[in-house]
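1. sequence unknown, structure follows:
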C-alpha cells in the first residue's frame, strides 16, 4: 500500500469513527442510518488489502483443519472462529473464492458436529456460501450444493446442481459420488441412476489423453488449499478436499 493510499484510508477511518460517535448520540431511524453508513465506511477501509485478506483466509483454513481433528465444544468453537475469519476475508475481498467455499465447508462440518436436521439454519448458511462461490466462479461449489439438496430431499435442485458441476468439470470421480453418504438417500432413484449413466457414457467417448480435472487427495468438499495471488490464478487453485473424520463417523 502506498503512502497516499495509507493516508486516504486513515482519513476515511477517522471520518467513520466520528460517524459512529454521532450514531451513538442519535435515535431511531436516524441512528440506524448512521450506523449503516459507518459499517459501509469500515468496509471500504478494509477493502482491497490483499495481504490482510490472504492472512485471514489462511488463518481460517488452519482453524478449519484443526477443528476437523477435535470434538465437542472445542471443535464447534474452532469452526465458528474459522467462519469468522472467512467472513472477514470476504469483507476485504468479496471475490476471494477460497473463503466463500471454505466458509460453506465450515458450516457443513459444524452442522454435522451438532447433528442438526438438513433444514437447519447451518445448512442454509452453508448453501449461501456455496452460492456465493458459484457467483465468483460458476460451478465451483455446485457439487456441494447438490449434496445439501440431496439431504433436504430436493430432487430438481439436486439434479440441476449435479448437471452444473458436471458441465463445469467440477465433479468428483464416479466412485466417490456413489459412495458419498450425503447422496445415500437418492442413489437408487431413477433420475440419479440416469445421471450417473450419462457420466459413464461421457467417459467412454472422451479421448484417453485428455487431461483430468484437477483433484487433490482430500475428497468431496471443494476447498482451496493454495493462496490466491490474483483473480486470474484462482481458477487454477481449486482443489477437492477429503471428508473430515467427523463426517465419516
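-> Sure thing, it's come through. Being a predicted model, the structure only gives us computed values, none of them experimental.
2. how about the helices in the chain?
-> In the chain, the helices defined using DSSP state H lie at 3-25, 28-46, 50-67, 72-92, 97-114, 121-136, 142-151, 155-167, 174-178, 190-205, 231-234, 245-248.
3. Please name the nearest non-neighbouring residue to residue 104.
-> The shortest distance from residue 104 to any non-neighbouring residue, by CB to CB, 6 or more residues apart in numbering, is to residue 129 (3.3 Å). Backbone N, C-alpha and C define where each C-beta goes, glycine included.
4. Just confirm that neighbour contacts residue 110, I think it does.
-> No - applying CB atoms under 8 Å as the test, residue 129 and residue 110 come out as separate, 11.8 Å apart.
5. Quick check: chain neighbours aside, which residue is closest to the residue positioned nearest the centre of the chain?
-> Centroid check for the chain by CA atoms, centre = their mean gives residue 101 as the closest residue, at 1.9 Å. Computed as CB to CB, 6+ apart, the closest residue to residue 101 that is not its neighbour in sequence is residue 133, at 4.6 Å.
6. So the one you found is in contact with residue 142, correct?
-> No - the pair residue 133 and residue 142 does not pass the contact test of CB under 8 Å, sitting 9.1 Å apart.
7. pLDDT weak spots in the protein?
-> Across the chain, residues meeting the criterion (pLDDT under 70) sit at 1-6, 48, 203-249.
8. so what are the domain limits for it?
-> Annotated domains of the chain cover 1-46, 49-248 [automatic domain parsing].
9. Can you give the distance from the last one to the centre of its chain?
-> Using CA atoms, centre = their mean, to the nearest Å, we find the averaged C-alpha position of domain 49-248 to lie 7 Å away from the chain's own average C-alpha position.
10. what number of residues lie near residue 33?
-> Taking other CB atoms under 10 Å as the criterion, the count of residues near residue 33 is 12.
11. wait, which of the helices of the chain is closest to residue 184?
-> Nearest of those to residue 184, taken as CB to CB: helix 142-151 at 8.4 Å.
12. Now do the closest one: which elements does it pack against?
-> Contacts defined by 3 or more CB pairs under 8 Å, 6 or more residues apart in numbering; DSSP states H and E place helix 142-151 against helix 97-114, helix 121-136, helix 155-167.
13. Put together CSV for those, with distance to residue 27 on each row.
-> What follows is those, written out as CSV (distance: least, CB to CB, whole Å):
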stretch, distance to residue 27
helix 97-114, 35
helix 121-136, 31
helix 155-167, 44
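14. right, and the ones you listed - which one's nearest residue 24?
-> helix 121-136 (29.9 Å).
15. Helix 72-92 and the closest one, what's the angle between them?
-> 30 degrees (axes from the mean of the first three to the mean of the last three CA atoms, to 10 degrees).
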